[in-house]
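Asker: here is a sequence with its predicted model. Questions after.
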Amino acid sequence: MASIAPPDVIRSAYAELVVTDLAAARWFYVDVLGLVVTAETDDALYLRAYEEYTHHSLVLRLGEAPALALLSYRVRGLQEVDAAEAYFRDLGVRVQRVPAGTTLGIGEAVRIEDPLGFPIEFFYDCTHVERLTQRYDLQPANALSRLDHFNVLTPDVPAAEAYYRKLGFGVSETIEDADNLYAAWLFRKQTVHDIALTNGDGPRLHHLAFAAHERGNILSTCDLLGALNKQGMIERGPGRHGVSNAFYLYVRDPDNHRIELYTTDYYTGDPDNPTVRWDVHDDRRRDFWGNPVVHSWYSEGTVVLDLDGKPRALGSAAASEEKVRVGADGFSVAEDLGEGKLGNQV
Ligand SMILES: O=S(=O)(O)c1ccc(O)c(O)c1
Ligand SMILES: [Fe+2]
């Protein structure tokens with residue numbers, strides 16, 4: 001029997017995070033990161049970045065405990081929402097068809113619990129709102145332009161990569177060695193990734209990333225956090241990634257969700273775009289300047305909910321990149337060298 005074609009996914013479009021203090025989250029995402037409020041209710045905030053005309057790219061919903069409630073992809077038309085329903089019913093995963101307005105601003109959609117254990121949505125119709133690309137009168141120094149990607153923790157990266165390749169995603173970069181595939185970056189839009197797969201106990205969310213137009217926007221967030229004496233919210237960076245070539249900063253929000261600010265990756269739109277394969281022993285892979293990766297970046301992630309809002313149990317990862325002896329991480333080599341010495345110091 002002919003296999004059913006996957007839905008035509010355009011891009012990673014929005015995520016819904018559960019936060020335990022909506023006012024604290026509003027301060028962080030609006031007053032500090034500068035996201036724009038499209039809509040606000042007693043228990044939810046609908047936020048977007050300056051280049052976005054679709055209703056939102058981030059929903060913050062008040063709840064008991066921090067969690068990821070949904071990762072949502074936009075597809076190329078309502079017929080692709082139908083295609084998503086057919087594809088995933090055939091795949092045998094849990095599928096829900098939800099009416100327009102289930103999420104404010106979003107039309108009819110299909111929601112699934114994907115084979116990796118994540119709550120995923122596919123939609124097309126949505127409310128259009130003012131695109132603020134040239135509203136320089138509103139934009140702060142650290143303005144963000146758009147949601148760029150999701151990064152998820154999963155115990156079986158090879159299986160996850162195969163699942164997303166079957167969904168029509170291209171593989172832009174990987175981190176591997178002879179025995180393991182530790183991480184993979186996959187795309188539908190013509191940049192490095194819409195989804196990245198990070199080896200670790202999962203399903204958990206590793207981070208959501210927003211793109212900025214230039215490094216200065218990201219450095220302004222660093223300066224703002226310092227000025228507010230909130231520099232402790234910076235987890236990793238600023239720096240230059242090896243994988244993706246992007247300039248980056250990772251911050252943790254009041255509920256410890258990880259947000260990446262990201263700029264200047266590269267075009268991947270030609271059909272023969274080559275996959276960049278990094279050896280896990282190359283200490284430029286995670287930070288091109290060889291700066292160490294902090295332990296929390298490897299070990300911590302956000303709990304994921306199922307479609308009933310219940311936290312998912314975790315599967316444990318077999319291999320661990322963190323344990324591979326690499327100078328850049330400092331951390332792993334330092335363990336070998338005893339107290340205080342960084343592996344990349346002579
Ligand atoms: O740290 S990595 O260089 O592997 C990296 C590359 C791109 C990303 O978006 C990321 O979060 C992490
Ligand atoms: Fe990222």
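Answerer: Done, it's in. Ligands and ions are numbered 1, 2, ... in the order given.
Asker: is the spatially most central residue of the chain in a helix, a strand, or coil?
Answerer: Nearest to the geometric centre of the chain sits Phe150, at 2.0 Å (Cα atoms, centre = their mean). Reduced to three states with DSSP: H, G, I helix; E, B strand; the rest coil, the structure at Phe150 is strand.
Asker: ok, it - contacts?
Answerer: 12, 15, 71, 194-196, 205, 207-209 (Cβ atoms under 8 Å, 6 or more residues apart in numbering). Glycine gets a C-beta too; all of them are placed from N, C-alpha and C.
Asker: Asn142 now?
Answerer: By Cβ under 8 Å, 6+ apart, the contact set of Asn142 is 33-34, 212, 217-218, 220-221, 224, 261.
Asker: follow-up on the earlier one: tell me the pLDDT at the residue nearest to the centre of the chain?
Answerer: In this model, Phe150 is scored at 99, pLDDT.
Asker: ok, now the one 10 residues further on?
Answerer: With respect to pLDDT, Ala160 has a value of 98.
Asker: pretty sure it contacts Asn199?
Answerer: No - using Cβ atoms under 8 Å, Ala160 is not in contact with Asn199, being 9.4 Å away.
Asker: confirm that Gln79 sits in a helix.
Answerer: Yes - Gln79 forms part of a helix when assessed by three-state DSSP.
Asker: near ligand 1, which residues of the stretch 1-150 of the chain?
Answerer: Within the stretch 1-150 of the chain, the positions adjacent to ligand 1 are His149 by Cβ under 6 Å from any ligand atom.
Asker: would you map the helices across the stretch 1-150 of the chain?
Answerer: For the stretch 1-150 of the chain, applying DSSP state H, counting those that start in this stretch gives helices covering 22-26, 78-91.
Asker: to ligand 2, which of the ones you listed lies closest?
Answerer: helix 22-26 (20.3 Å; Cβ to the ion).
Asker: next step: the contacts of Asn142 restricted to helices.
Answerer: Under the assignment DSSP state H, the contacts of Asn142 contribute 217-218, 220-221, 224 to helices.
Asker: how about TSV for those residues, with pLDDT and neighbour count added?
Answerer: What follows is the ones in helices among the contacts of Asn142, written out as TSV (pLDDT from 0 to 100; neighbours: other Cβ atoms under 10 Å):
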residue	pLDDT	neighbour count
Asn217	98	23
Ile218	98	25
Ser220	98	18
Thr221	98	25
Leu224	98	18
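Asker: could you pick out which of the contacts of Phe150 are near ligand 2?
Answerer: The subset of the contacts of Phe150 within reach of ligand 2, by Cβ under 5 Å from the ion, is Ala209.
Asker: what bits of the stretch 201-346 of the chain have low per-residue confidence?
Answerer: Counting by pLDDT under 70, the stretch 201-346 of the chain contains low-confidence ranges at 325-346.
Asker: interface residues of it facing ligand 1?
Answerer: Residues of the stretch 201-346 of the chain lying near ligand 1 (Cβ under 6 Å from any ligand atom): 209, 241-244, 246, 260, 262, 285-286.
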